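Q: Dropping a prediction and its sequence here:
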Amino acid sequence: MGATTSKHFGLRFFYFAFACLLYSIWRAVDLLVQVQLTGEYEHSPIITADNTLTLLKKETGIG
């Protein structure tokens, strides 16, 4: 996990806000995929970080 030692409030706030945005997008995509595939939503995610990283490695060859 990346760490920042910056004392600049604006930068730290940006990192926090960006992380919150990415998490919200991930959960929204997961919700849409679950509803599309199963017709209902369960709280445990179908789209995990492991699935995403595996797909990215396969598609890009990086990793």
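A: Right, received. Where do you want to start? Numbers count the residues shown, from 1 in each chain.

Q: which regions of this structure sit below the pLDDT cut-off?
A: 1-4, 63 (pLDDT under 70).

Q: What segments of it are helices?
A: Taking DSSP state H to define them, one finds helices in the chain at 9-38, 49-60.

Q: now the angle from the last one to helix 9-38?
A: It stands for helix 49-60. 90 degrees (axes from the mean of the first three to the mean of the last three CA atoms, to 10 degrees).

Q: List the buried residues for helix 49-60?
A: Neighbour-count burial for helix 49-60, counted by 16 or more other CB atoms under 10 Å, picks out no residue. Yep, even glycine has a C-beta here, placed from its N, CA and C like the rest.

Q: which helices and strands sit right next to that helix?
A: For helix 49-60, there is no helix or strand it packs on, judged by 3 or more CB pairs under 8 Å, 6 or more residues apart in numbering; DSSP states H and E.

Q: Can you give the distance of it from its chain's centre?
A: The chain centroid and the centroid of helix 49-60 are separated by 12 Å under CA atoms, centre = their mean, to the nearest Å.

Q: what's the answer for stretch 23-36, then?
A: Worked out by CA atoms, centre = their mean, stretch 23-36 lies 10 Å from the chain centre.

Q: Repeat that for stretch 10-26.
A: 11 Å.

Q: same deal with stretch 9-25?
A: With CA atoms, centre = their mean, you get 12 Å for stretch 9-25.

Q: got the CA positions of that stretch in CSV?
A: Output in CSV follows, covering the C-alpha atoms of stretch 9-25 (Å, rounded to 0.1, in the frame of the first residue of the first chain):
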residue,chain,number,x,y,z
PHE,A,9,-3.1,19.3,3.1
GLY,A,10,-4.3,19.8,-0.5
LEU,A,11,-2.3,16.8,-1.8
ARG,A,12,-3.4,14.5,1.1
PHE,A,13,-7.0,15.6,0.6
PHE,A,14,-6.8,14.8,-3.1
TYR,A,15,-5.4,11.3,-2.4
PHE,A,16,-8.3,10.7,0.0
ALA,A,17,-10.9,12.0,-2.3
PHE,A,18,-9.5,10.1,-5.3
ALA,A,19,-9.5,6.9,-3.3
CYS,A,20,-13.1,7.4,-2.2
LEU,A,21,-14.1,8.1,-5.8
LEU,A,22,-12.4,4.9,-7.1
TYR,A,23,-14.0,2.8,-4.3
SER,A,24,-17.4,4.2,-5.1
ILE,A,25,-17.0,3.5,-8.8
